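Visitor: give me coordinates for this.
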Amino acid sequence: MSAPVRTAVHPDALRAAARHWPTGVAVLTARWGGEVHAKTVSSFATLSLDPPLIGVALSPRSPLAAAAHDSGRFAVTVLTDRQEALARRFATPGAGRAAGAFADLALRTGPAGPAGPPVPAGAAAWFEAELHAELPVGDHVLLVGRVTAVGEGGGRPLLHHAARYRLLGPETPPEPQTSAPTPLPFRGVGA
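Guide: Here you go, the predicted structure:
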């Protein structure tokens, strides 16, 4: 027997259930007004291959949302399992705007040059994007970016599950190859 389905979902219940979905960990960055902004996010997704679009959700009150809006650019850096300290640093409220927050980080310069969003070095992958759309989604804003540059650095991804950072475990062994059964012809209702 399965658990009862609720019709009104409390935010705490939604948050608790969502913790069962493991996600990757990324750092969202933007540069505007002489400041660099950064925030650890797990709400990142590729949205389209043609045109190349990515999306990331964050609070509309975030200074980073305003920086991405005003600059028209942002970057998403997918972290490796060796970058948990970086994830923790930018998950701390206010740390992404702190003076010197990037002073000790090795950064790569993207196609937008020094005026573009910073990308921490050593990442599994990175995406640089021009702001394509901002969509209000409940209590968040979805930043949709048209990808202008990408790169891969390799390494195993850092994961987030059940409110904790996790490491990717060993791969499951491949299933043995068997011959596929012959499909039966489709017969609709009343056929």
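
Visitor: who does the lowest-mean-pLDDT helix or strand in the chain pair up with?
Guide: Within the chain, no helix or strand scores below strand 107-108, which has a mean of 76 by mean pLDDT, DSSP states H and E. Using DSSP bridges, the strands paired with strand 107-108 are strand 119-120 (antiparallel).

Visitor: do a quick rundown of the strands in the protein.
Guide: 23-24, 26-32, 35-41, 44-48, 53-58, 73-78, 107-108, 119-120, 125-137, 140-152, 158-161, 164-167 (DSSP state E).

Visitor: worst mean pLDDT among the ones you listed?
Guide: Ranked by mean pLDDT, the strands of the chain end with strand 107-108 at the bottom, a mean of 76.

Visitor: isn't Ala38 right up against Arg31?
Guide: No - Ala38 lies out of contact with Arg31 (Cβ atoms under 8 Å); the separation is 9.8 Å. Every residue, glycine included, has its C-beta placed from N, CA and C.

Visitor: now do the shared contacts for the two.
Guide: By Cβ atoms under 8 Å, 6 or more residues apart in numbering, Ala38 and Arg31 have these common neighbours: Pro118.

Visitor: which one's more surrounded, those two?
Guide: Neighbours were counted for Ala38 and for Arg31 using other Cβ atoms under 10 Å; Ala38 has more, 27 against 22.

Visitor: what pairs with the more buried one across the strands?
Guide: Going by DSSP bridges, Ala38 forms beta bridges with Thr29.

Visitor: what separation is there between it and Thr46?
Guide: Per Cβ to Cβ, to the nearest Å, Ala38 is found 21 Å from Thr46.

Visitor: now do Ala103
Guide: 31 Å.

Visitor: quick one, which of the two is more surrounded?
Guide: Using other Cβ under 10 Å, the more surrounded residue of Ala103 and Thr46 is Thr46, with 11 against 7.

Visitor: show me the contacts for Asp81.
Guide: Gly155, Arg156, Pro157, Leu158, Leu167, Leu168.
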